[in-house]
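**Q** below are the sequence and a predicted model for it; my questions follow.
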Amino acid sequence: MKKLVFVFRSIAGTLAVGWAILFSFGRSGQAAELKVGDDAPPFKLKGSDGKTYELKDFAGKQAVVLAWFPKAFTGGCTIECRNFQKDSAAIKKYDVAYFTASVDTPEDNAKFAESLGVKDYAILADPTRETAKAYGVVKNDTGYASRWTFYINKEGKIAAIDKKVSVGSHAKDVGAKLKELGVAEK
């Protein structure tokens, strides 16, 4: 009987350790949700203007706005990106680099930008979804990005996150948030 109890305890202990290891691996594969004060994940993404943009290029120089949207050439995304162009003055008066971004290809975003007449900012492309996953706007390798906007200060820290974007007034809303955050005017 003692042998049976010992075997049972050994099996139970082994299973408990196995479950603990399995559970920890499952959780470690997911990035923790970003919050205000966190370091902004680095990015290096190609823009609709053909240039490549890296977060580190703005460190100590300018705040950065990164406005994720789900998919080029769709209704809400068209309104949002067109609004960013139409009302760009609300953002351009601040010392900030600003971008919209999606998981579309650079080619699709270039065509999208051209169709909207976007010239005041670049639409960034993340077809691998690696940056989108780091920002928590995409959970897997096939999904679209959530419509979230990240405000990153000159020190590379997340200053604000907007998860309730209004596509028709987004540029003016971004300008108001930049004012609220105390971003310097040009």
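**A** Everything's here; your move. All figures in this text were calculated on a predicted structure; none of them were measured in a lab.

**Q** how about Ser169: what's its closest non-neighbour residue?
**A** Asn83 (7.0 Å; C-beta to C-beta, 6 or more residues apart in numbering). Yep, even glycine has a C-beta here, placed from its N, CA and C like the rest.

**Q** name the SS class of that neighbour, please.
**A** helix (DSSP: H, G, I helix; E, B strand; the rest coil).

**Q** in stretch 119-128, what's buried?
**A** For stretch 119-128, burial by neighbour count (16 or more other C-beta atoms under 10 Å) applies to 121-127.

**Q** go on, stretch 94-104?
**A** 94, 96-104.

**Q** OK, contacts around the spatially most central residue of the chain?
**A** With distances taken as C-alpha atoms, centre = their mean, the chain has Tyr135 as the residue nearest its mean C-alpha position (4.1 Å). The contact partners of Tyr135, taken as C-beta atoms under 8 Å, 6 or more residues apart in numbering, are 34, 41, 66, 68, 148, 150.

**Q** please list the members of the buried residues of stretch 119-128 that lie in helices.
**A** Among the buried residues of stretch 119-128, no member falls in helices (DSSP state H).

**Q** can you list the domain ranges for this structure.
**A** 1-30, 44-181 (automatic domain parsing).

**Q** tell me the contacts of Val118?
**A** By C-beta under 8 Å, 6+ apart, Val118 lies in contact with 48, 81, 84-85, 112.

**Q** now do Ser88
**A** Per C-beta under 8 Å, 6+ apart, neighbours of Ser88: 120-121, 171.

**Q** can I get those residues in CSV including pLDDT and distance to Thr131?
**A** Formatted as CSV, the contacts of Ser88 follow (pLDDT from 0 to 100; distance: C-beta to C-beta, whole Å):
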residue, pLDDT, distance to Thr131
Asp120, 94, 22
Tyr121, 95, 17
Ala171, 96, 22
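
**Q** of all those, which comes closest to Lys186?
**A** Asp120 (13.7 Å; C-beta to C-beta).

**Q** separation between the closest residue to the closest one other than its chain neighbours and Lys133?
**A** Excluding the flanking residues, the one nearest Asp120 by C-beta to C-beta, 6+ apart is Ser88, at 4.1 Å. Distance check for Ser88 against Lys133: by C-beta to C-beta, to the nearest Å, it reads 29 Å.

**Q** go on, Pro127?
**A** Pro127 is 12 Å from Lys133, by C-beta to C-beta.

**Q** do Asp126 as well
**A** Applying C-beta to C-beta to Asp126 and Lys133 gives a distance of 9 Å.
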